[in-house]
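I would like the atomic coordinates for the input below:
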Amino acid sequence: MKINEGFLYHSIVKQKMAFAGHVVLGSSGDNNAIQILEGKIAQGRPRRMWIDDVIDWTNLDSYASIKRTAEDRIN
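Next up, the predicted model:
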């Protein structure tokens with residue numbers, strides 16, 4: 001069985017964005033999740049942070065603008 005790579009990529013992006021939205025809005029109830037999203041928990045060399053992907057995908061310029069957009073979202 002061959003996996004449709006475009007569908008798989010879109011599915012991963014959708015899930016990652018949904019999780020980021022929950023974390024930003026505080027819906028996850030997990031303080032560690034927000035620290036991971038903001039890149040505050042790290043060891044070793046600097047790695048690409050989750051928030052970097054969210055910024056790229058949304059074409060927003062900062063964490064603050066992502067948070068504002070998430071807060072203004074209509075369910």
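
what does stretch 54-74 contact?
Contact with stretch 54-74 is made by 13, 16, 17, 20, 21, 24, 25, 38, 51, as judged by C-beta atoms under 8 Å, 6 or more residues apart in numbering. Any C-beta I mention is one placed from the backbone N, CA and C, and that applies to glycine too.

now that stretch, how far from the centre of its chain.
The chain centroid and the centroid of stretch 54-74 are separated by 9 Å under C-alpha atoms, centre = their mean, to the nearest Å.

host element of the residue nearest to the spatial centre of the chain?
Nearest residue to the geometric centre of the chain (C-alpha atoms, centre = their mean): residue 20, 3.6 Å. In the assignment (DSSP states H and E), residue 20 maps to helix 5-24.

after that helix, next one along is what?
Immediately after helix 5-24, counting by DSSP H and E, sits helix 31-37.

and that next one, how far from the chain's centre?
11 Å.

Relative to residue 22, how far out is the residue lying closest to the residue nearest to the centre of the chain once chain neighbours are set aside?
Closest residue in space to residue 20, ignoring its immediate chain neighbours: residue 54 at 4.9 Å, by C-beta to C-beta, 6 or more residues apart in numbering. Here the criterion is C-beta to C-beta, to the nearest Å. By it, residue 54 lies 12 Å from residue 22.

again, but for residue 55
17 Å.

quick one: least confident helix or strand in this structure?
helix 31-37 (a mean of 73; mean pLDDT, DSSP states H and E).

CA atoms only for that helix, dumped as CSV, please.
Extracted C-alpha coordinates of helix 31-37, given in CSV (Å, rounded to 0.1, in the frame of the first residue of the first chain):
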residue,chain,number,x,y,z
ASN,A,31,2.9,24.1,31.5
ASN,A,32,5.7,21.9,30.1
ALA,A,33,3.9,22.0,26.7
ILE,A,34,4.1,25.8,26.5
GLN,A,35,7.8,25.7,27.5
ILE,A,36,8.5,23.2,24.7
LEU,A,37,6.5,25.2,22.2
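
by contact count, what packs against it?
Here helix 31-37 touches helix 5-24, helix 50-58, going by 3 or more C-beta pairs under 8 Å, 6 or more residues apart in numbering; DSSP states H and E.
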